[in-house]
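> Here's my sequence, what's the structure:
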Amino acid sequence: MTIFALISCDHFTHWMPWVWLYIGPDVFLPVASALAAIGGVLLMFWQKVVAIVGRLFGRPPKPKE
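Residues are numbered from 1 along each chain as shown. Take a look at the predicted model:
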């Protein structure tokens, strides 16, 4: 059965929600490379990233002794 026969079939709407589950290597490798690059940049500038997040969300006040 070809993809065109599957699309023209009445059961195509049954299979459509599951099409996104297929992740082939041609899709996965560029996504993995992009995630690795983002992770590398975050690790290089980790202290600055933590400082920015701390400023955005605010740090809780230190408890008084």
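
> what sits up against the helix or strand Ala32 falls within?
Applying DSSP states H and E as the criterion places Ala32 in helix 25-44. The contact list for helix 25-44 (Cβ atoms under 8 Å, 6 or more residues apart in numbering) reads Val49. (C-beta placed from N, C-alpha, C; glycine too.)

> So for the helix or strand following that helix, mean pLDDT?
Later in the chain than helix 25-44, the nearest helix or strand by DSSP H and E is helix 46-57. Regarding helix 46-57, the rounded mean pLDDT is 87.

> relative to helix 25-44, how tilted is helix 46-57?
When axes from the mean of the first three to the mean of the last three Cα atoms, to 10 degrees is applied, the directions of helix 46-57 and helix 25-44 differ by 90 degrees.

> Lys48 and Tyr22, how far apart?
Separation of Lys48 from Tyr22 (Cβ to Cβ, to the nearest Å) stands at 38 Å.

> Who has more neighbours out of the two?
Taking neighbours as other Cβ atoms under 10 Å, Lys48 and Tyr22 compare with Lys48 leading, 10 against 7.

> Quick check: that one vs Arg55, distance?
Distance, Lys48 to Arg55, by Cβ to Cβ: 11 Å.

> likewise Gly24?
According to Cβ to Cβ, Gly24 and Arg55 sit 41 Å apart.

> Next: Pro63.
As judged by Cβ to Cβ, Pro63 and Arg55 stand 21 Å apart.

> between these two, which one's more packed in?
More neighbours surround Arg55 than the other of Pro63 and Arg55, with 9 against 5 (other Cβ under 10 Å).

> Could you say which helix or strand holds Cys63?
Just so we're on the same page, residue 63 is Pro rather than Cys. Per DSSP H and E: nothing holds Pro63, as it lies in no helix or strand.

> ok, now which ones touch it?
Contacts for Pro63 were tallied using Cβ under 8 Å, 6+ apart; there are none.

> pLDDT below threshold where in the protein?
Filtered on pLDDT under 70, the chain yields the residue ranges 1-21, 61-62.

> ok, and for the helix holding Ala32, which residues are buried?
When neighbours are counted by 16 or more other Cβ atoms under 10 Å, no buried residue of helix 25-44 is found.
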